[in-house]
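[1] Requesting a structural model of the entry that follows:
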Amino acid sequence: MKENIITVIGSLNFDIIFKQKRLAEQGETLTADSMTTAGGGKGANQAVQCAKLGAQTYLVGAVGSDAFGGYLMKELQLYGVHTDYVQTVEGNTGIGVVNALEDGTLVATISTGANYSLNKSRIDELEPLLKRSKVVILQLEIPIDVAEYAIEKASQNDCYIILNAAPAAPISHEVLSKVNCLVVNEPEATYYCGAAISDLSSAQQHCEKLFEKIKDLLIITLGKGGSLIYNGDEKMHVKAIEVKAKETTGAGDSYIGAFAYMLLEGHGIKEAALFASRAAGLTVTKIGGQPAMPTKAEIEQV
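    Residues are numbered from 1 along each chain as shown. The predicted structure is shown next:
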């Protein structure tokens, strides 16, 4: 029997965030203005945003046997995320090094670490949880074949499947056709539809081609340009809220978590997208993905 549960299957990283005016040139050593650490990884970020909003949220993934893994587990539990299905494996936890620039843009390098220990056997163990879960969220910072297998299993258990296809990677057409909601940014949308998407106009022009590959709903996030929502009939543009961005780590993850929460609560697509846009906007006003993600009360004040 289905319950109001969101299950997130994905990555957990320990993020090291350098705030700096510019990137170093080749061969140059550059001193950052400041350094912050925080829990990260797309899977963990999306789970944290769901939990911060009050959703009963389970995270499925892995951390290493190092100090970083223990830190991530404690942080997730403090945010209210159920970690019953987060396994500790021998080796390193996933690491993300983020260079956050003054204008709010960033570049990041990640090491997969324990995230690539997730396998199909672990997904098979989720059957009881999937039977209870209304919504399942996945990303592609875990092995692709495992993500595809998880989508198959979630589909068999009548879950509403949200796939954040990031980072962009080949996915079988058969698996994509079982995805209820696909969320991609401009470069990812370009990768999957084979046409350049860089702004609202190009997203509106090419979204139909990408929509044909999935089931119900396509969301293309456009950064400061907001997001385009397409359900096969209507193309809806949701504007981003105007804020002074300090750092954009986790903004897309905040959007997805907030959107999933609203669907779980029975709200319509437009209302969910507007709420998600506000959540993402608030996230970029602070440093660090998970600590910056807003609560429901904070979003409702915007």
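
[2] and the residue nearest to residue 130 when sequence neighbours are not counted, backbone torsions?
    Spatial nearest neighbour of residue 130, chain neighbours left out: residue 157 (4.1 Å); criterion: CB to CB, 6 or more residues apart in numbering. The way it works is simple: take the backbone N, C-alpha and C, and place the C-beta from them, glycine included. As for residue 157, its main-chain torsions (degrees, to the nearest 10) stand at phi -100, psi 20.

[3] now do the one 4 residues further on
    When read as degrees, to the nearest 10, the backbone of residue 161 gives phi -100, psi 120.

[4] thought it was touching residue 136?
    Yes. When contacts are counted by CB atoms under 8 Å, residue 161 is listed as touching residue 136 (5.4 Å).

[5] Out of the two, name the residue with the larger neighbour count.
    Between residue 161 and residue 136, counted using other CB atoms under 10 Å, the more crowded position is residue 136 (28 against 24).

[6] Quick check: which ranges of the chain have low pLDDT?
    247 (pLDDT under 70).

[7] any idea which residue sits dead centre in it?
    residue 253 (3.5 Å; CA atoms, centre = their mean).

[8] circling back: what's the overlap in contacts for residue 161 and residue 136?
    The contact sets of residue 161 and residue 136 overlap at residue 154 (CB atoms under 8 Å, 6 or more residues apart in numbering).

[9] Next one: residue 83 from residue 141, what distance?
    Between residue 83 and residue 141 the distance is 17 Å, computed by CB to CB, to the nearest Å.

[10] These two - which one has more neighbours?
    Shown here are residue 83 and residue 141; by other CB under 10 Å, residue 141 has more neighbours (26 against 21).

[11] give the contact list for that one.
    The contact partners of residue 141, by CB under 8 Å, 6+ apart, come to 10-11, 13, 41-43, 94, 110, 112, 115, 166-167.

[12] that older thread, helix, strand or coil for the residue nearest to the centre of the chain?
    helix (DSSP: H, G, I helix; E, B strand; the rest coil).

[13] again with residue 27
    Following three-state DSSP, residue 27 is assigned to coil.

[14] rewinding a little: residues near the closest residue to the residue nearest to the centre of the chain other than its chain neighbours, how many?
    What sits nearest to residue 253 in space, not counting adjacent residues and going by CB to CB, 6+ apart, is residue 45, at 3.5 Å. Neighbours of residue 45 under the rule other CB under 10 Å: 31.

[15] Please report the distance of residue 45 from residue 256.
    Distance, residue 45 to residue 256, using CB to CB: 9 Å.

[16] cool, and residue 13?
    Per CB to CB, residue 13 is found 16 Å from residue 256.

[17] more crowded one of those two?
    Shown here are residue 13 and residue 256; by other CB under 10 Å, residue 13 has more neighbours (32 against 29).

[18] That one reaches residue 98, doesn't it?
    No. Look at residue 13 against residue 98 with CB under 8 Å: they stay out of range, at 9.8 Å.

[19] shared neighbours, these two?
    Joint contacts of residue 13 and residue 98 (CB under 8 Å, 6+ apart) are residue 40.

[20] contacting residues for residue 246?
    Shown in contact with residue 246 (CB under 8 Å, 6+ apart): 100, 104, 284-287.

[21] among these, which are in strands?
    residue 100 (DSSP state E).

[22] List just the nearest of the contacts of residue 246 to residue 63.
    Of all these, residue 287 has the smallest distance to residue 63: 22.6 Å, by CB to CB.

[23] Tell me the spacing between the closest one and residue 43.
    Relative to residue 43, residue 287 is positioned 21 Å away (CB to CB).

[24] So these two - more neighbours on which side?
    residue 43 (28 against 17).

[25] list the contacts for that one?
    8-12, 59-61, 137-139, 141-142.

[26] top of these by neighbour count?
    residue 8 (34 neighbours).

[27] did I read that right, it in a strand?
    Yes. Under three-state DSSP, residue 8 sits within a strand.

[28] Against residue 102, how distant is it?
    32 Å.

[29] what are the ranges of the helices in the chain?
    Listed in chain order, the helices of the chain (DSSP state H) span residues 42-52, 67-79, 120-124, 127-132, 144-156, 173-176, 186-193, 200-211, 251-264, 269-283, 289-292, 296-300.
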